[in-house]
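Colleague: could you look at this predicted model? Sequence included:
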Amino acid sequence: MEEFGIGLPPRIWGKKIGETIYSVNALPIGGFVRMYGEESQENPKSQIPNLKLKGRAFFDKSIGRRVGVVLAGVTMNFLLAVIVFSITYFISGIPVKTGKVLVVGITKNSPAELVGLKVDDEVVAVDGEKINGVEKFIKLAKEKAGKVIRLEIKREKENPCLVKKQVLGGGVGPFEGAGPDESGCNGDNLFLGIIPRVKPPEGEGPLGVAVSEVEMKHFPFWQMPFYGIREGFIESVNWGKMILKSLGEMLGSLIFLRQVPKDISGPIGIYQATGMVAKSGVLAILEFLGILSVNLAIINILPFPALDGGRLLFLTVEVFFGRKIAPKIEAWVNNAGMIVLLGLILLITINDVVRILSTNGILEKIKIAF
């Protein structure tokens, strides 16, 4: 191995230990391993003099060995994500579906807050239709937007129905005669009237309420690692799908709209996000690390020059045609790919800076000054 680098060039610092240069580089996005004979098979030169190198060069290895080397980094990124997510589930518990729709968050000044919904309330029914899953609840809330709907709520604490008290709330309020009596109760369950918003603020939904149908369960200690690995693998795959979708949307925006999407972050955005996540505790940091690892795995496997996926593409062409691509052509394509990647990183970094300045109000002050 010629060089083991943290980050991408240009090099800031490097030290040769044995046969390998260990380096720290300027761009803090991932890292790289430069192997002897990786770039060219024509008179390769090692940085280590008088070293017997015959048969040790990357190009001397079989197709299978070279494919294994190219995929090693991607595989380790994905495995790291699985391990990190597994640890978080081992600590916090395994998500288990309960068949109940529980309120886990309420937005300020939302319909849910105005009518008196509370965290830990269980939504039993909507307009008399039983609710056994989040998707059904969301579907009904969207279909009935702009109309008064009746929620049947099961509440464990501070439930007025347990003491047969009239609850007025701040919104439409309880339905008169909704249950066996006229107090807005059906036994111990509470009825509330609410009007889902037709055009809610982005990310809030018609009711302004976050709901969940799972609870975090701790199994016997010896079973938790197995459940954790299963959930860690599922989490990694799901994040992979989301990242692929986001990459597709980003490419579409770049090609058709000729602009970088506002929610795409580069090195500066990642640094800022890391600082924010660090304030939320160790589990949040681990979760963030897992997401970044999946992101690196997905990006590196893309069939783009200068990435592992690009090298894999060259190897596929070699298998298909039965001969190696000319080293000069491969080097030229990889260099061109690196230039494009650096250009994208520059655009995204500029986007990060503009977003941060706008968030802090600095951009407006600059405009006023000029």
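Modeller: Right, received. Where do you want to start?
Colleague: mind listing the strands for this protein?
Modeller: 3-17, 20-34, 94-106, 122-126, 129-130, 149-154, 185-186, 189-194, 209-217 (DSSP state E).
Colleague: strands paired with the fifth one, and their directions?
Modeller: According to DSSP bridges, strand 129-130 has the following sheet partners: strand 122-126 (antiparallel).
Colleague: relative to strand 94-106, how tilted is the partner strand?
Modeller: Strand 122-126 and strand 94-106 are oriented at 80 degrees to each other (axes from the mean of the first three to the mean of the last three CA atoms, to 10 degrees).
Colleague: domain map for this structure?
Modeller: 1-60, 96-217, 224-369 (automatic domain parsing).
Colleague: average pLDDT across the longest one?
Modeller: I take that to be domain 224-369. Mean pLDDT, domain 224-369: 73.
Colleague: what residue ranges in the stretch 51-200 of the chain score low on pLDDT?
Modeller: For the stretch 51-200 of the chain, applying pLDDT under 70 flags the ranges 51-60, 163-183.
Colleague: let's see 80
Modeller: 51-64, 66, 158, 161-184, 186-187 (pLDDT under 80).
Colleague: so what's residue 240 up against?
Modeller: By CB atoms under 8 Å, 6 or more residues apart in numbering, the contact set of residue 240 is 78, 294, 297, 298. For glycine as for every other residue, the C-beta is placed from the backbone atoms N, C-alpha and C.
Colleague: make JSON lines from those and add distance to residue 111 and neighbour count to it.
Modeller: What follows is the contacts of residue 240, written out as JSON lines (distance: CB to CB, whole Å; neighbours: other CB atoms under 10 Å):
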{"residue": "78", "distance to residue 111": "42", "neighbour count": "21"}
{"residue": "294", "distance to residue 111": "36", "neighbour count": "26"}
{"residue": "297", "distance to residue 111": "41", "neighbour count": "23"}
{"residue": "298", "distance to residue 111": "38", "neighbour count": "21"}
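Colleague: between the residues you listed, which is closest to residue 115?
Modeller: residue 294 (39.5 Å; CB to CB).
Colleague: go ahead and confirm the closest one touches residue 82.
Modeller: No - applying CB atoms under 8 Å, one finds residue 294 not in contact with residue 82, separated by 9.1 Å.
Colleague: which neighbours do these two share?
Modeller: Common neighbours of residue 294 and residue 82 (CB under 8 Å, 6+ apart) are residue 236.
Colleague: beta partners for residue 216?
Modeller: Residues in beta-bridge contact with residue 216 (DSSP bridges): residue 95.
Colleague: isn't it up against residue 97?
Modeller: No - applying CB under 8 Å, one finds residue 216 not in contact with residue 97, separated by 11.7 Å.
Colleague: nearest to residue 140, of the strands of the chain?
Modeller: strand 122-126 (4.7 Å).
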